[in-house]
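In: make a model of this:
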Amino acid sequence: MIVFSANLSNAQYLLNSDSAFKAGTSNSGRLWGYSFGDFAYKGHSDSLSRGGSNQYTGIPQSRTTFQFRRIYLGYDYNISKKFSAEFLLAAEDNFPAGNGPAAGTVALSTGNSSGDLLADQKLIFYIKLMNIRWKNIWKGTDLVIGQAATPAFPMLSEKIWSYRSVERTVSDIRRTPSFDMGASLQGVFDPATKNYGYNLMVANGTSAKPENDNFKWLYGDVYAYFFNKKLVIDAYADYQRLNWNPTWHHSRQMLKGYIAYNSSATAKGMNPGTGYTIGVEAFVNNLKNDNIATKMAGGNDTLSTVASAISMYIHGDIVKNKLRFFARLDLYNPNKNLNNNVYNKYTGNIGNYNDNSFHTVYNTTAATPTVTYTNVNDQTYKQSFMTFGLDFKPTDRVHFMPNIWYNSYNSQLGTSNRDHDMVFRLTFFYAFGKNYDNGGF
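Out: Residues are numbered from 1 along each chain as shown. The predicted model follows:
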């Protein structure tokens with residue numbers, strides 16, 4: 001049984017204390033890891049290859065694939081009772097061939113993939129986490145320095161969603177950083193009961209990449225547990241300047257709320273792997289002076305806009321400790337400030353809120369099969385994401401999850417262009433070394 005503790009000091013960041021790793025015992029450590037992937041069949045492809053932030057954009061219809069979507073290898077080490085270290089290698093987030101970054105034609109054999117691939121298209125590890133934790137720097141609060149999890153979702157909402165192996169959380173899909181290089185405080189206001197806590201972080205905003213400007217990403221959230229920790233409420237905010245000169249003040253600022261109920265929770269914390277769990281997560285991201293809007297009469301205006309999303313899910317037992325179900329619906333709007341009477345095109349500057357959609361044409365009959373990308377120039381389309389499936393657990397730390405993955409697209413420019421991607425998958429997950437279930441963070 002996996003208990004998601006409310007305690008963010010000491011061992012909570014490790015989820016629990018396995019027999020192979022006694023949290024707080026000096027000079028002790030553990031090697032751990034997990035992996036998830038799928039056998040997938042692309043049942044339908046969006047005709048305009050939209051949705052560049054998902055892993056199936058540009059994959060042609062009827063394509064089948066066996067694919068790892070994440071491989072983790074980590075090591076946790078207790079330096080002393082007051083200090084611990086965390087190290088994690090990850091191979092993940094490989095965008096598929098067909099995700100065209102620019103208009104043009106390439107051979108289908110080489111594709112146009114990116115992500116964690118070498119030049120010869122082999123998957124490669126990168127350093128995802130490397131940090132030191134000073135426990136109880138004051139009572140109930142830890143100081144973490146280095147490359148570490150952010151307060152955005154990995155510490156709370158992703159663990160309670162519990163099915164990262166199926167899909168990212170709604171803010172993760174838009175690439176709000178799950179980890180970053182900086183310093184953070186993780187603590188509770190009430191060390192005795194641990195019902196109320198907070199997480200603060202200042203970091204580069206570039207995840208595993210080196211800093212490339214003079215602006216920092218500021219993260220913060222506060223949370224509270226109620227009804228014997230069955231109900232949790234979380235409020236999150238972040239802010240980052242992207243460009244700040246006299247002619248262009250460009251920034252983003254997210255506000256996010258989360259609420260979830262877990263029927264199996266106890267005074268020790270939530271246990272989203274049993275009973276049933278219902279959750280709702282929603283955000284608005286204020287993108288200041290981010291959109292270049294093209295006037296019908298000619299010329300451009302620089303506009304601020306708001307991207308917004310809401311995610312609703314439920315998962316629960318069918319046969320306790322053996323078979324569960326899960327279902328989720330996300331609604332996403334990248335641009336709420338449209339005026340189709342004045343503008344006919346909107347171009348966003350923030351890549352994770354600008355999907356750079358491409359119209360894709362496959363020629364598989366030529367001597368050298370090719371794929372041609374043509375930029376659609378529509379970054380206003382709303383998206384509706386759905387997934388549902390079953391979770392069979394033959395033993396602890398092993399899961400097989402048949403599921404359907406569906407994402408639809410609908411333009412807001414006055415044109416229909418309604419279409420969708422649909423994928424049928426058999427997802428697998430396994431872990432060793434600690435009691436991770438279903439691939440959090």
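In: show me where the stretch 151-300 of the chain has its helices.
Out: Per DSSP state H, counting those that start in this stretch, the stretch 151-300 of the chain carries helices over the ranges 157-161, 170-173.
In: possible to save those helices as JSON lines with mean pLDDT and mean neighbour count?
Out: C-beta: built from backbone N, CA, C; applies to glycine. What follows is those, written out as JSON lines (pLDDT from 0 to 100; neighbours: other C-beta atoms under 10 Å):
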{"stretch": "helix 157-161", "mean pLDDT": "96", "mean neighbour count": "25"}
{"stretch": "helix 170-173", "mean pLDDT": "95", "mean neighbour count": "23"}
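In: can I get those helices in CSV with distance to M130?
Out: Shown next, in CSV, are the helices of the stretch 151-300 of the chain (distance: least, C-beta to C-beta, whole Å):
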stretch, distance to M130
helix 157-161, 20
helix 170-173, 21
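In: you'd agree S184 is up against Q147?
Out: No - look at S184 against Q147 with C-beta atoms under 8 Å: they stay out of range, at 10.8 Å.
In: more neighbours, the two?
Out: Comparing S184 with Q147 by neighbour count (other C-beta atoms under 10 Å), the higher total belongs to S184, at 25 against 21.
In: which residues touch the more buried one?
Out: S184 makes contact with 143-144, 148, 150-151, 199-203, 219 under the criterion C-beta atoms under 8 Å, 6 or more residues apart in numbering.
In: in CSV, list those along with distance to H44.
Out: Converted to CSV, the contacts of S184 look like this (distance: C-beta to C-beta, whole Å):
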residue, distance to H44
L143, 49
V144, 44
A148, 39
T150, 35
P151, 37
N199, 40
L200, 44
M201, 40
V202, 44
A203, 39
Y219, 37
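In: count the neighbours of G140 for me.
Out: Quick note: G140 (other C-beta under 10 Å) scores 20 neighbours.
In: gap between it and G197?
Out: Using C-beta to C-beta, to the nearest Å, we find G140 at a distance of 8 Å from G197.
In: which residues do those two both contact?
Out: In contact with both G140 and G197: 187-189, using C-beta under 8 Å, 6+ apart.
In: still on that earlier bit, for L287, which of the helices of the stretch 151-300 of the chain is the nearest?
Out: helix 170-173 (14.2 Å; C-beta to C-beta).
In: for that closest one, packing partners?
Out: Under the contact criterion of 3 or more C-beta pairs under 8 Å, 6 or more residues apart in numbering; DSSP states H and E, helix 170-173 touches strand 276-295, strand 300-319, strand 323-333.
In: dump the residue contacts of the residue nearest the centre of the chain.
Out: Residue closest to the average C-alpha location in the chain (C-alpha atoms, centre = their mean): D172, at 2.5 Å. If you count contacts by C-beta under 8 Å, 6+ apart, D172 has them with 152-153, 158, 178.
In: run the last query once more with 10 Å
Out: Contacts here follow C-beta atoms under 10 Å, 6 or more residues apart in numbering; on that basis D172 touches 53, 152-154, 157-158, 161, 164, 178, 441.
In: tell me the spacing between it and W161.
Out: Using C-beta to C-beta, D172 is found at 10 Å from W161.
In: tell me which stretches of the stretch 1-150 of the chain form helices.
Out: Going by DSSP H, counting those that start in this stretch, the stretch 1-150 of the chain shows no helices.
In: where does the prediction get shaky in it?
Out: Scanning the stretch 1-150 of the chain for pLDDT under 70 picks out the ranges 1-24, 95-114.
In: redo that, cut-off 90
Out: 1-28, 47-60, 93-123 (pLDDT under 90).
In: for it, just list every one of the strands.
Out: For the stretch 1-150 of the chain, strands defined by DSSP state E, counting those that start in this stretch occupy the ranges 4-5, 28-44, 64-78, 83-92, 104-107, 126-138, 141-149.
In: G389 is nearest to which of these?
Out: Taking the strands of the stretch 1-150 of the chain one by one with C-beta to C-beta, strand 28-44 is closest: 11.0 Å.
In: in the closest one, what's buried?
Out: By 16 or more other C-beta atoms under 10 Å, the buried positions in strand 28-44 come out as 29-30, 32-38, 40, 42-43.
In: again with stretch 166-184
Out: Those would be 166-174, 176-182, 184, for stretch 166-184 by 16+ other C-beta under 10 Å.
In: partner residues bridging I233?
Out: A224, I259 (DSSP bridges).
In: that one and S311: what is the separation?
Out: 16 Å.
In: between those two, who's got more neighbours?
Out: Between I233 and S311, counted using other C-beta under 10 Å, S311 has the larger neighbour count: 23 against 13.
In: contacts only, for the nearest residue to the more buried one once chain neighbours are set aside.
Out: In this structure, S311 finds its nearest non-sequential neighbour in V170, 3.8 Å apart by C-beta to C-beta, 6 or more residues apart in numbering. Residues near V170 by C-beta under 10 Å, 6+ apart: 153, 157, 161, 176, 256, 258, 281-283, 309-313, 328, 330-332, 385.
In: what's the ChimeraX line that selects buried ones from those residues?
Out: Those of those that count as buried under 16+ other C-beta under 10 Å are selected in ChimeraX with:
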select :153,157,161,176,256,258,281,282,283,309,310,311,313,328,330,332,385
